[in-house]
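S.K.: Output the structure for:
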Amino acid sequence: MDEVVMCPAIAKLVGAMAATQSSAARWARCVVTKDDLVVAGWFCFFLALNLEMNFLLKWAMSLLAVPTFQAFFDSVFSALLLGAVMRGSAAFGSASLHDLRAQGGELSVFAAFFMLSVVLNNASLASLSLSINQIIKGCGPLPTLVFTVALTRVLPRPWTVVAIVVIILGTGLAIPFGSADATTAGVLLALGSVLATAGRQAFSQHLMGRKQGQTFEPIVLVFWQSVLAAPCLLALWLCNVGDERTKVLDFWHAQPALAIGMSVAISASAIAYTVTMYYFTRLTSAVTLTIAGSVKMVLLILIPALVDPHIFSAINWVGACIYLAGFLMYTYLGHLENVAKLKSENVTENTPLGSKLPPPGSKENV
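M.R.: Residues are numbered from 1 along each chain as shown. The predicted structure follows:
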């Protein structure tokens with residue numbers, strides 16, 4: 001091949017053109033694309049499922065407080081349905097005994113967190129209003145941070161810790177203790193659910209974020225959490241904890257159509273919500289996920305409070321304001337951190353071509 005020598009003037013021109021193209025590419029990122037619409041659609045679907053599931057669970061647990069049985073039914077329904085889906089199409093991933101042999105310990109811990117989070121949350125809804133339940137879930141960043149640090153060995157920034165402390169303080173002040181909407185038992189159950197949910201989230205990110213060949217697809221992860229949790233939940237239900245076995249048998253005998261319909265509806269909603277949450281996490285960038293999480297959490301606190309009104313004292317309203325301030329601070333700090341990461345990546349990607357060209361006359365210029 002003949003050697004082509006690029007003079008300095010041409011090199012500068014090529015570099016300027018590359019810089020202009022990278023600038024145009026940055027402007028193009030501000031335009032709504034098809035991918036943006038896909039992400040927006042997934043988020044709206046995810047949010048609608050989350051709200052629908054919470055209201056459905058509140059109604060069901062008020063009618064028949066059987067959190068262990070419902071969690072068992074969810075697990076069996078999920079394992080059968082997702083197993084059939086994976087068998088029908090390999091595009092959703094596949095589950096095998098090799099998963100248990102290779103990572104059985106981590107999957108078992110993950111399933112235990114799933115089991116506790118669902119049972120405790122369902123039980124809390126029998127003695128808490130939905131709005132109070134969602135406010136207590138505002139404590140989630142602290143235990144999630146602890147579990148994440150334990151798994152990743154990466155310490156958070158000081159201001160992030162400050163924001164989390166503000167959130168916890170506001171949450172404590174916002175809970176109207178002593179009212180019919182917030183019993184002590186209900187608050188403790190909800191707090192236990194928050195801890196278990198934090199462990200579940202941290203482990204799900206850990207298991208889905210492994211290196212190629214060791215990671216789990218979202219549907220596979222939901223399948224294994226259901227398969228491993230179902231036997232434990234069945235044993236717990238058979239022990240008749242909280243007189244659940246008697247309640248379920250009596251209710252299913254008296255109103256079989258309502259019982260089956262209610263259980264299937266809750267299970268279908270739970271599967272759709274969980275799978276959508278995992279896929280949404282995989283689909284979006286860190287910045288998009290942070291912003292989406294902010295919108296979801298604010299709506300889950302404010303909308304139930306409007307639909308299920310209750311009386312707040314002055315200190316409760318102050319606590320709610322402190323909570324929102326801390327939450328916005330936490331979200332904004334996360335947003336800034338993710339923007340900084342993206343900028344550093346863009347600087348590397350958008351380096352002008354002229355600055356990478358070898359000197360004129362070099363043999364690399366061919």
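
S.K.: So, low pLDDT: which residues of the stretch 251-366 of the chain?
M.R.: 281-313, 334-335, 337-339, 341-342, 345-366 (pLDDT under 70).

S.K.: give me that answer again for 90
M.R.: Scanning the stretch 251-366 of the chain with the threshold set as pLDDT under 90 gives 251, 259, 266, 269-366.

S.K.: what about Leu249, neighbour count?
M.R.: By the measure other C-beta atoms under 10 Å, the count of residues near Leu249 is 11. (Glycine included, C-beta is placed from N, CA and C.)

S.K.: scratch that, Phe113
M.R.: 23.

S.K.: mind checking how far it is from Ala229?
M.R.: Separation of Phe113 from Ala229 (C-beta to C-beta, to the nearest Å): 10 Å.

S.K.: One more: Tyr279?
M.R.: Taken as C-beta to C-beta, the span from Tyr279 to Ala229 is 21 Å.

S.K.: If I look at Leu191, what pLDDT would I see?
M.R.: Predicted confidence (pLDDT) for Leu191: 90.

S.K.: Next, the contact list for it, please.
M.R.: 136, 139 (C-beta atoms under 8 Å, 6 or more residues apart in numbering).

S.K.: Distance check, it against Thr184.
M.R.: Distance from Leu191 to Thr184, by C-beta to C-beta: 11 Å.

S.K.: which residues of the stretch 51-200 of the chain score low on pLDDT?
M.R.: When residues are selected by pLDDT under 90, those of the stretch 51-200 of the chain lie in 51-71, 85-107, 114-115, 117-190, 194, 197-200.

S.K.: Which parts of it are helices?
M.R.: 67-88, 97-124, 130-136, 141-152, 158-174, 184-208 (DSSP state H, counting those that start in this stretch).

S.K.: quick one: which of those helices is nearest Ile266?
M.R.: Closest approach to Ile266 among the helices of the stretch 51-200 of the chain (C-beta to C-beta): helix 67-88, 6.1 Å.

S.K.: Looking at Tyr279 and Ala229, which is more packed in?
M.R.: Between Tyr279 and Ala229, counted using other C-beta under 10 Å, Ala229 has the larger neighbour count: 27 against 16.

S.K.: Verify the stated contact: that one with Val76.
M.R.: No. Counting by C-beta atoms under 8 Å, Ala229 stays clear of Val76, with 9.8 Å between them.

S.K.: Now do the contacts for Gln225.
M.R.: Counting by C-beta under 8 Å, 6+ apart, the residues that Gln225 touches are 75, 107, 110-111, 114.

S.K.: Past the host helix or strand of it, which element shows up next along the chain?
M.R.: Assigned by DSSP states H and E, Gln225 belongs to helix 218-238. Sequence order places helix 244-254 as the next helix or strand after helix 218-238, per DSSP H and E.

S.K.: what does that next one rub up against?
M.R.: In contact with helix 244-254 (C-beta under 8 Å, 6+ apart) are residues 64-69, 237-238, 240, 259-260.

S.K.: please redo it, this time with the cut-off set to 10 Å
M.R.: Contact partners of helix 244-254, identified using C-beta atoms under 10 Å, 6 or more residues apart in numbering, comprise 63-70, 72-73, 236-240, 243, 258-260, 262-263.

S.K.: With only the CA atoms kept, save it in PDB.
M.R.: Provided in PDB are the C-alpha atoms of helix 244-254 (Å, rounded to 0.1, in the frame of the first residue of the first chain):
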ATOM      1  CA  GLU A 244     -53.400 -18.800  58.700                       C
ATOM      2  CA  ARG A 245     -54.100 -22.400  57.700                       C
ATOM      3  CA  THR A 246     -57.500 -22.300  59.300                       C
ATOM      4  CA  LYS A 247     -58.300 -18.900  57.800                       C
ATOM      5  CA  VAL A 248     -57.300 -20.000  54.300                       C
ATOM      6  CA  LEU A 249     -59.200 -23.300  54.400                       C
ATOM      7  CA  ASP A 250     -62.400 -21.600  55.700                       C
ATOM      8  CA  PHE A 251     -62.200 -18.700  53.200                       C
ATOM      9  CA  TRP A 252     -61.500 -21.000  50.200                       C
ATOM     10  CA  HIS A 253     -64.300 -23.300  51.200                       C
ATOM     11  CA  ALA A 254     -66.900 -20.500  51.700                       C
END
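
S.K.: Okay, angle between that helix and helix 218-238 too, please.
M.R.: On the basis of axes from the mean of the first three to the mean of the last three C-alpha atoms, to 10 degrees, helix 244-254 is oriented at 100 degrees to helix 218-238.

S.K.: List the buried residues for helix 244-254?
M.R.: Buried residues in helix 244-254, counted by 16 or more other C-beta atoms under 10 Å: 244-245, 248, 251-252.

S.K.: Please convert these to JSON lines, extending it with distance to Pro218.
M.R.: Shown next, in JSON lines, are the buried residues of helix 244-254 (distance: C-beta to C-beta, whole Å):
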{"residue": "Glu244", "distance to Pro218": "30"}
{"residue": "Arg245", "distance to Pro218": "33"}
{"residue": "Val248", "distance to Pro218": "30"}
{"residue": "Phe251", "distance to Pro218": "33"}
{"residue": "Trp252", "distance to Pro218": "32"}
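
S.K.: how about these, which pair is most distant?
M.R.: Glu244 and Trp252, at 12.0 Å, using C-beta to C-beta across those.
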